[in-house]
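Novice: pasting the sequence and the predicted coordinates here, then a few questions.
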Amino acid sequence: METTMNMPILALRGLTIFPGCVLSFDVERDISIHALERAMEGDQCIFLVAQREIGAAQPEEKDLYTVGTVSVIRQILRIGGSTVRVMMEGRNRAKLRRLWQTEPYLQGNVEPIQDLRSRISAFQLEALLRQTYSNFSEYASLAPRLGEEVSSAVMEDRDPGHLADFIAQNIALRYQDKQAILEESRPVLRLRKVNELLARESEVLGFEQELE
């Protein structure tokens, strides 16, 4: 993969997509639809990055997070006069180096981010995985809308980096929390952060059920 890539950019509002995960969402802004069209003319790859402030209608570089995900467009469906529904598959983390075009669509230079290795023994990794399965099971028992297929996929995943990404993609978190996970390039630390979020969210869900 090249050191830097020039590609169209789609700014997400309140959403985050992780590598190895699939996300469907609606697109309405002209700059975003034009970015999709440009990507479809090429290799169908586009850089998805979240906005720092959801309300920015015409985002500039300062309005975007630095770390996002190079993704592949899997499906586009026009569902209204000015709305397009897309299905994206995250490919890899990347960093926005420069946003050099804002009209008629966002375009810039992005650099792939490689996962960094963490020093951890097989026993420590096993303990971390077991903790994750336990925390996720507790969360799943309190979040009834979580699909059984998600739980099954989690319990079968032993790759700490992908497991962290998959859980973060599929549980209800603030987009700022998801961004923090996306920005962590060390898989083991990423999974530890997800464990902390699972514990927090389980506690919140437990309090919500008590209030009800």
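Specialist: Right, received. Where do you want to start?

Novice: distance from the chain centre to the longest helix seen in the chain, please.
Specialist: Longest helix of the chain, by residue count under DSSP state H: helix 187-211. Taking the mean C-alpha point of helix 187-211 and that of its whole chain, the gap between them comes to 18 Å (C-alpha atoms, centre = their mean, to the nearest Å).

Novice: could you list the residues in contact with it?
Specialist: When contacts are taken as C-beta atoms under 8 Å, 6 or more residues apart in numbering, the neighbours of helix 187-211 outside the stretch itself are 115, 118, 120, 125, 128, 131-132, 135-136, 138-139, 142-143, 159-161, 163-165, 167-168, 171-173, 177, 180-181, 184. (Glycine included, C-beta is placed from N, CA and C.)

Novice: could you rerun that using 7 Å?
Specialist: Counting contacts by C-beta atoms under 7 Å, 6 or more residues apart in numbering, the residues outside helix 187-211 that touch it are 115, 118, 120, 128, 131-132, 135-136, 138-139, 142-143, 160-161, 163-164, 167-168, 171, 173, 177, 180-181, 184.

Novice: mind listing the strands for this protein?
Specialist: For the chain, the strands defined by DSSP state E cover 5-12, 22-27, 45-50, 67-78, 84-101, 106-112.

Novice: I'd like those strands laid out as TSV, including mean neighbour count, mean pLDDT and distance to Ala57.
Specialist: Conversion of the strands of the chain to TSV gives the following (neighbours: other C-beta atoms under 10 Å; pLDDT from 0 to 100; distance: least, C-beta to C-beta, whole Å):
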stretch	mean neighbour count	mean pLDDT	distance to Ala57
strand 5-12	22	97	10
strand 22-27	15	96	14
strand 45-50	23	98	15
strand 67-78	18	96	19
strand 84-101	18	97	16
strand 106-112	20	97	13
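
Novice: any chance of those in JSON lines, with distance to Pro59 too?
Specialist: Formatted as JSON lines, the strands of the chain follow (distance: least, C-beta to C-beta, whole Å):
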{"stretch": "strand 5-12", "distance to Pro59": "5"}
{"stretch": "strand 22-27", "distance to Pro59": "14"}
{"stretch": "strand 45-50", "distance to Pro59": "9"}
{"stretch": "strand 67-78", "distance to Pro59": "12"}
{"stretch": "strand 84-101", "distance to Pro59": "9"}
{"stretch": "strand 106-112", "distance to Pro59": "7"}
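
Novice: of all those strands, which lies closest to His34?
Specialist: Distances from His34 to each of these were compared using C-beta to C-beta; the shortest belongs to strand 5-12, at 8.0 Å.

Novice: shaky segments in this structure?
Specialist: By pLDDT under 70, the low-scoring segments of the chain are 1-2.

Novice: no further queries at this time; thank you.
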